[in-house]
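Student: I would like to see how this sequence folds:
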Amino acid sequence: MVKFLKQVLATQLDVDLMSDKCGFLIEQLMELAGLSVAQAISKEYSPKQNQNILICVGPGNNGGDGLVTARHLVHFGYKPKLYYPKQPNKPLYQSLLKQCSTLEIPVIQNFDHGLEGIDLVVDAMLGFGFKPPIREPFGSVLKTLAKSGKPIVSVDVPSGWSVDDGPMDEHCVAPDMLVSLSAPKPCAGFFKGRFHYLGGRFIPRFLAEEYGLEIPEYPGSDQCVLIKSLI
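Tutor: Have a look, this model is predicted:
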């Protein structure tokens, strides 16, 4: 069984990963997370049928994961676009965005128009650090997505969901795929979509034992593993 990791423990796990205990940098964790998401997408959504992808990017680490995802998707044969309304003035995020621009990944300004012709939406807006209320423009984006009928891939925690308690209201997104990172959060128990993947093939064994995490077997050299049947 794959264990759920509550918000407080998920936050502490990230602290431990980036401490002297493990030595990771935030850039490394974002790279691993974004690669996991891109790999999961490539396994279930062929670029032939789902080439046009809109990635909704938030201002925090979840958004950073989305920027990395976009870059990898280009190399996997997709044509991603970014909706990135609140761009932090920090070197890390500016560098990730620059990497996307060198691959000619467009950044759209109008979300409603940006949905036209899109096959798949990646929700990388709020993440496990989210605490209500939902601020604009993300509140309006979530309402539009909930009514759009577009398949959605949520990164770690579906935007608008409580990390520990799941969907907060009828306007929350209902993702077709959830890619949990490091370990599934309790809200994953409310997930009713088709594909639940885990991207956590970087947690040292000693740290997994400390947190009581059961690390599933990852196939081959993959950075993600399908875990829906393991929870």
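
Student: hey, where'd the strands end up in the chain?
Tutor: Along the chain, counting by DSSP state E, strands occupy 52-57, 79-83, 107-108, 120-124, 152-155, 161-162, 166-167, 177-181, 195-199, 225-226.

Student: Okay, buried residues for the second one please.
Tutor: Just to be clear, that refers to strand 79-83. Within strand 79-83, the residues that count as buried by 16 or more other C-beta atoms under 10 Å are 80, 81, 82, 83. The C-beta positions use only the backbone N, C-alpha and C, and glycine is treated the same way.

Student: what's the nearest residue to the last one if we skip its chain neighbours?
Tutor: Taking C-beta to C-beta, 6 or more residues apart in numbering, and ignoring the residues beside it in sequence, residue 83 has residue 56 as its nearest neighbour in space, at 5.0 Å.

Student: Quick check: bridge partners of the one you found?
Tutor: Applying DSSP bridges to residue 56 gives these bridge partners: residue 83, residue 123.

Student: low-scoring stretches of the chain, by residue?
Tutor: 1-2, 171, 229-231 (pLDDT under 70).

Student: longest helix in it, by residue count?
Tutor: If you go by DSSP state H, the chain has its longest helix at helix 26-44.

Student: give me every residue that touches the residue nearest the centre of the chain.
Tutor: Central residue of the chain (C-alpha atoms, centre = their mean): residue 155, 1.8 Å from the mean position. Neighbour list for residue 155: 33, 37, 62, 65, 66, 69, 122, 123, 124, 127, 179, 181 [criterion: C-beta atoms under 8 Å, 6 or more residues apart in numbering].

Student: circling back to that earlier point, closest to residue 199 out of the buried residues of strand 79-83?
Tutor: Taking C-beta to C-beta as the measure, residue 199 lies nearest residue 80 of these, at 17.8 Å.

Student: quick revisit: report all helices and strands that the longest helix of the chain contacts.
Tutor: Helix 26-44 makes packing contacts with helix 61-75, helix 91-102, strand 120-124, strand 152-155, strand 177-181, strand 195-199 when contacts are defined by 3 or more C-beta pairs under 8 Å, 6 or more residues apart in numbering; DSSP states H and E.
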